[in-house]
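*Asks:* the sequence and its predicted three-dimensional model are supplied below.
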Amino acid sequence: MASYICFECGRKVSETDVRRRIRCPYCGSKIIVKERVTPTKMKAR
């Protein structure tokens, strides 16, 4: 499940809220950012 963060207030927004409307349910901001997973580096043998 994807995780989204409001750019303005920094609170996590659920994926279902993002699908229903574009605005943050907490502050009303229109900019919501999808969290990225940090890549894991592995050494080749």
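*Replies:* Right, received. Where do you want to start? Numbers count the residues shown, from 1 in each chain.

*Asks:* please enumerate the helices of the chain.
*Replies:* 15-20 (DSSP state H).

*Asks:* quick one: low-confidence ranges for it?
*Replies:* For the chain, the stretches with pLDDT under 70 are 1.

*Asks:* which residue lies nearest the spatial centre of it?
*Replies:* Tyr4 (1.5 Å; CA atoms, centre = their mean).

*Asks:* now that one: how far from Lys41?
*Replies:* 26 Å (CB to CB, to the nearest Å). No exception for glycine: its C-beta is placed from N, CA and C like everyone else's.

*Asks:* OK, contacts around Arg11?
*Replies:* 5, 24, 26-27 (CB atoms under 8 Å, 6 or more residues apart in numbering).

*Asks:* most neighbours out of those, which is it?
*Replies:* Cys24 (22 neighbours; other CB atoms under 10 Å).

*Asks:* from Arg36, how far out is Cys24?
*Replies:* In terms of CB to CB, Cys24 sits 19 Å off from Arg36.

*Asks:* kindly report the same for Arg20.
*Replies:* 23 Å.

*Asks:* these two - which one has more neighbours?
*Replies:* Arg20 (10 against 7).

*Asks:* can you pull the contacts of the more buried one?
*Replies:* Arg20 neighbours (CB under 8 Å, 6+ apart): none.

*Asks:* now Asp17
*Replies:* Pro25.

*Asks:* for Cys27, same thing?
*Replies:* Counted by CB under 8 Å, 6+ apart, Cys27 has contacts 6, 8-9, 11.

*Asks:* count of residues packed around Cys6?
*Replies:* 20.

*Asks:* how near is it to Cys24?
*Replies:* For Cys6, the distance to Cys24 - CB to CB - is 4 Å.

*Asks:* mind listing the shared neighbours of the two?
*Replies:* Contact criterion CB under 8 Å, 6+ apart; residues shared by Cys6 and Cys24: 13, 32.

*Asks:* hmm, back to that, out of the contacts of Arg11, flag the one nearest to Glu15.
*Replies:* Ile5 (12.0 Å; CB to CB).

*Asks:* could you find the closest non-adjacent residue to that closest one?
*Replies:* Val33 (5.2 Å; CB to CB, 6 or more residues apart in numbering).
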